[in-house]
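1. what's the 3D shape of this:
(one chain, ligands or ions: 2)
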Amino acid sequence: MHMAPSSANLATLVLDFDSTFTKVEALDVLAEQLFSSDPARLTDLNAIKELTELAMSGEIGFGEALQKRIQILKPSREDIAGLAETLKRQVSDSIGRNLKVFQEHPGKIRIISGGFHEFIEPVVADYGIKAEHVLANRLIFDDNGIATGVEQDNPLSKDGGKIIALQSWAVSGQVVMIGDGWTDFEVFKGGGADRFYAFVENISREKVVAATTGNEATQVAASFDEVLHNEGYEGRYSFPRSRMKMLMLENVHPVAIAHFREEGYDVSTLKGALDEDALIEAIQGVHVLGIRSKTNVTRKVLDAADKLMAIGAFCIGTNQIDLKAASEKGVAVFNAPYSNTRSVVEMVMGLTVVLTRNIYSKSIQMHTGKWDKSATGAHEVRNKTIGIIGYGAIGSQLSVLAEAFGMRVIYYDVAEKLTMGNAKRYRSLDALLAEADVVSLHVDGRAENKNIFGKAQFAKMKDGALFINLSRGHVVDIEALAEAIRSKKIYGAGVDVFPEEPRTNDDPFDSPLMGLDNVILSPHIGGSTEEAQEAIGEFASERLLNFISRGDTTFSVNMPNVQLSEVEGRHRFLHIHKNVPGVMASINQIMAKYNLNILAQHLKTNEQLGYVIVDVDRGYSKEALDELRAVNGTLKFRSLV
Ligand SMILES: NC(=O)c1ccc[n+]([C@@H]2O[C@H](COP(=O)([O-])OP(=O)(O)OC[C@H]3O[C@@H](n4cnc5c(N)ncnc54)[C@H](O)[C@@H]3O)[C@@H](O)[C@H]2O)c1
Ligand SMILES: O=C(O)[C@H](O)COP(=O)(O)O
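-> Ligands and ions are numbered 1, 2, ... in the order given. Below is the predicted model of the structure:
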């Protein structure tokens, strides 16, 4: 049985304290603490920060910097106690979430620091690290309890001291040094450690990072999870999040990026969309892709995606993604189906009023110095009929707002829908077109909807009616629309979406609708409000995070939806497979064969996919995982801790 790895076979992990165990440099924090109670000490604060930085990047001797800093600071015993309390709240995120590892392997994780026992010990004691496993300096206090210097016979008060101090432990087995600073790298360089990790979760020091290249025993670690994973410890995450790449295109809202980064993922961003070739290149090694409406995720892109687990469409539409191909590969797709609905609807109402009153054309005239005050051709929307085609989230919300404006609402939808207010469902599109003063399109972008609105449909509209499309460009024959406007069949139009749209703001726009009378064109901004974008960022990032961290597929557009709790104190296997007979039986046979203690099990299927989630006790065999991965029909298999 594969249980939590036994301590005996594991390397001893020696952690630096400042900017590694904690997020901060303790003496800088102390300086700030003293400065905040005495603003006259601002110059002291700056001097301390400068000395810290110079010492950490190896520019001046460590011992010299330490002495100088204590002599400037002169902290009291109370100041040091206060500092320890502050530092307890500043433990590095990846250290904090791995508390259990410290508890499971007492003595295996130790601290070596050029800082001071007086504040390090109380902080690391919370992680079960005993005083004898902390190597650090000691302060010298005068009779008034004020620190006046550093004990000089301690090797850690001198340059190159860490490597000498380390020998006093006489650790048997392998030693791994983890730290952000040059003195930490020196431990490895001087032969005091078998391996070295440049710890960059809090700060990345160029000289230290550069020193790790070209040596197999040294590498950069973006989190303690990575170190634990590499060294065979069983940490909080089975796979370090800092090694999971997220690529966010098309200006995905910063709130989403911040959430991903807070959770420790490696996120890169691009402002615009990418074409197929560029995306094929960019998607290599990417675990989660974030897009909006302009990025086409084709089968070719999905074929090239070697690590992809999930796609987040940070918008409503998912027609730009080959959902069938994504399902065949077990890639989960999420979107934000309701977050920009209101923004679109408000824009439709605004366009309806502006077009009905001919305000847009009059405004253009005013800008050329023409004053044309007249009521001719301007109408109220009250008592007019709006015909909504596609009565989904947006169509039905529009129904409510249009009624609030006093409009009569009729709608046409291919599916059965809940009718809002006094709206009336029409089963014939032609009948709707014959009655509507305003026709507004809100169908989804499925491929079959290409050109559903063309010459024949415009011909069936009332003379002088208005046409609005904020759904998808390809659903309307744009030449037919241009002709309907030129011939005055249509009195005006509001168009936000086009068959061909520029990929970025730097690309040109061209359309047969340009220059036509009473036609308001907008650059696909129906959902582009700050409110909507933030709401999408929140919603879609939460869906993706819940899927990646716990397997939850709530709201996925292609995976069977399963709502799951967090994985605590157990293992979770996630098995995505083709929906073919026999998979579940095979999985259960493997579970029985390896005597896995099942705590919970879920199976949900859709036409294409089956999704099995099994929670088991922490003890399990690696062979069982290999067999589960090899079950016929498996598309993706993951094990979570
Ligand atoms: N302009 C923008 O910025 C913007 C913003 C958000 C959404 N959108 C687009 O708006 C559209 C509507 O979004 P939603 O959230 O309401 O989608 P939805 O899926 O909730 O609703 C679409 C409705 O259209 C119906 N439908 C599909 N094909 C039809 C057809 N041929 N005839 C009649 N009814 C049909 C469906 O049955 C469904 O009820 C989508 O195309 C979406 O991509 C555009
Ligand atoms: O599908 C959508 O939500 C809209 O088309 C908006 O797309 P966008 O996020 O690219 O603006």
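
2. Could you report the neighbour count for the residue of the stretch 301-450 of the chain found nearest ligand 1?
-> Residue nearest to ligand 1 within the stretch 301-450 of the chain: Gly392 (1.8 Å; CB to the nearest ligand atom). Any C-beta I mention is one placed from the backbone N, CA and C, and that applies to glycine too. By other CB atoms under 10 Å, 18 other residues sit near Gly392.

3. what's the answer for Thr22, then?
-> 26.

4. Could you tell me which residues make contact with it?
-> The contact partners of Thr22, by CB atoms under 8 Å, 6 or more residues apart in numbering, come to Leu87, Gln90, Val91, Ser92, Val123.

5. Would you mind measuring from the most far-flung residue of the chain relative to its centre to Arg77?
-> Distance to the chain centre peaks in the chain at Asp143, reaching 54.0 Å (criterion: CA atoms, centre = their mean). Using CB to CB, to the nearest Å, Asp143 is found at 12 Å from Arg77.

6. got it, and Gly350?
-> Between Gly350 and Arg77 the distance, using CB to CB, works out to 67 Å.

7. From Val631, how far out is the closest residue to ligand 1 within the stretch 401-550 of the chain?
-> When distances are taken as CB to the nearest ligand atom, the stretch 401-550 of the chain reaches nearest to ligand 1 at Gly526, 2.7 Å away. Using CB to CB, we find Gly526 at a distance of 44 Å from Val631.

8. so Leu441 makes contact with Gly387?
-> No: counting by CB atoms under 8 Å, Leu441 sits too far from Gly387 to count as a contact (9.7 Å).

9. Please list the residues of the stretch 301-450 of the chain that sit near ligand 2.
-> Residues of the stretch 301-450 of the chain lying near ligand 2 by CB under 6 Å from any ligand atom: Cys315, Ile316, Gly317, Asn340.

10. farthest pair in those residues?
-> Spatially, the most separated pair among these is Gly317 and Asn340, at 10.3 Å (CB to CB).

11. Between the two, which has more neighbouring residues?
-> Asn340 (23 against 18).

12. Skip the chain neighbours and tell me the closest residue to the more buried one.
-> Gly527 (3.2 Å; CB to CB, 6 or more residues apart in numbering).

13. ok, that neighbour touching Val345?
-> No: with contact defined as CB under 8 Å, Gly527 does not count as touching Val345 (10.4 Å).

14. what residues are up against the residue of the stretch 1-150 of the chain found nearest ligand 2?
-> Nearest residue of the stretch 1-150 of the chain to ligand 2: Asp93, at 30.7 Å (CB to the nearest ligand atom). Residues near Asp93 by CB under 8 Å, 6+ apart: Lys23, Glu201, Ser223, Gly264.

15. Just give me the closest of those residues to ligand 2.
-> Closest to ligand 2, out of all of these and judged by CB to the nearest ligand atom, is Gly264, at 26.4 Å.

16. need the contact list for that closest one.
-> Asp93, Ser94, Ala222, Ser223, Asp225, Pro240, Arg241, Ser242.

17. Just put these in a markdown table and tack on secondary structure, distance to Glu623 and pLDDT.
-> Output for these, formatted as a markdown table (DSSP: H, G, I helix; E, B strand; the rest coil; distance: CB to CB, whole Å; pLDDT from 0 to 100):
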| residue | secondary structure | distance to Glu623 | pLDDT |
| --- | --- | --- | --- |
| Asp93 | helix | 34 | 92 |
| Ser94 | helix | 30 | 92 |
| Ala222 | coil | 31 | 92 |
| Ser223 | coil | 29 | 92 |
| Asp225 | helix | 25 | 93 |
| Pro240 | coil | 24 | 85 |
| Arg241 | helix | 27 | 89 |
| Ser242 | helix | 29 | 87 |
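
18. quick one: which of the residues you listed is nearest ligand 1?
-> After measuring the contacts of Gly264 against ligand 1 - CB to the nearest ligand atom - the closest member comes out as Arg241, at 31.1 Å.

19. number of nearby residues for that closest one?
-> By other CB under 10 Å, 22 other residues sit near Arg241.

20. show me what contacts it?
-> Ser223, Asp225, Glu263, Gly264, Tyr265, Asp266 are the contacts of Arg241 under CB under 8 Å, 6+ apart.

21. Residue numbers of the chain in contact with ligand 2?
-> Arg292, Ser293, Lys294, Cys315, Ile316, Gly317, Asn340, His524, Gly527, Ser528.

22. Mind putting these into CSV with secondary structure?
-> Listed next are these as CSV, based on DSSP: H, G, I helix; E, B strand; the rest coil:
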residue, secondary structure
Arg292, coil
Ser293, coil
Lys294, coil
Cys315, coil
Ile316, coil
Gly317, coil
Asn340, coil
His524, coil
Gly527, coil
Ser528, coil
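
23. need the strands for the stretch 1-150 of the chain, in chain order.
-> 12-15, 109-116, 134-137, 139-141, 147-150 (DSSP state E, counting those that start in this stretch).

24. nope, the stretch 201-350 of the chain is what I meant
-> Going by DSSP E, counting those that start in this stretch, the stretch 201-350 of the chain shows strands at 218-221, 245-248, 266-269, 288-291, 310-313, 332-334.

25. Nearest to Gln563 among those strands would be which one?
-> Gln563 lies closest to strand 332-334 among the strands of the stretch 201-350 of the chain, at 13.6 Å (CB to CB).

26. For that closest one, name the packing helices and strands.
-> If contacts are counted by 3 or more CB pairs under 8 Å, 6 or more residues apart in numbering; DSSP states H and E, strand 332-334 sits against strand 310-313, helix 323-328, helix 530-550.

27. For Gly526 and Val631, indicate the residue with more neighbours.
-> Neighbour count, other CB under 10 Å: between Gly526 and Val631, Gly526 has more, with 25 against 19.

28. Next, give phi and psi for that one.
-> Note on Gly526: backbone dihedrals following degrees, to the nearest 10 are phi -50, psi -40.

29. pretty sure Ile590 contacts Arg629?
-> No: with contacts counted by CB under 8 Å, Ile590 stays clear of Arg629, the gap being 10.0 Å.

30. what about these two, which has more around it?
-> Legend: neighbour count by other CB under 10 Å for Ile590 and Arg629, higher for Ile590 (20 against 14).

31. In contact with Ala125: list those residues for me.
-> Going by CB under 8 Å, 6+ apart, the list of residues near Ala125 reads Ala131.

32. Same list, the strands of the stretch 1-150 of the chain, but as a markdown table with mean neighbour count please.
-> Output for the strands of the stretch 1-150 of the chain, formatted as a markdown table (neighbours: other CB atoms under 10 Å):
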| stretch | mean neighbour count |
| --- | --- |
| strand 12-15 | 24 |
| strand 109-116 | 26 |
| strand 134-137 | 22 |
| strand 139-141 | 16 |
| strand 147-150 | 18 |
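
33. Out of the ones you listed, which gets nearest to Ile452?
-> strand 12-15 (62.8 Å).

34. what helices or strands is that closest one leaning on?
-> So strand 12-15, by 3+ CB pairs under 8 Å, 6+ apart, packs with strand 109-116, strand 175-179.

35. please redo it, this time with the cut-off set to 10 Å
-> Here strand 12-15 touches strand 109-116, strand 175-179, helix 182-189, strand 195-199, helix 224-230, going by 3 or more CB pairs under 10 Å, 6 or more residues apart in numbering; DSSP states H and E.

36. With distance to Arg638 added, can I get those in CSV?
-> Output for the helices and strands packed on strand 12-15, formatted as CSV (distance: least, CB to CB, whole Å):
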stretch, distance to Arg638
strand 109-116, 27
strand 175-179, 27
helix 182-189, 34
strand 195-199, 25
helix 224-230, 15
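
37. What's the local residue count around Ile72?
-> As a burial measure, Ile72 scores 17 neighbours (other CB under 10 Å).

38. my guess is it meets Lys49, correct?
-> No: applying CB atoms under 10 Å, one finds Ile72 not in contact with Lys49, separated by 11.1 Å.

39. Overlap of the contact sets of those two?
-> Both Ile72 and Lys49 are contacted by Leu27, Ala31, under the criterion CB atoms under 10 Å, 6 or more residues apart in numbering.
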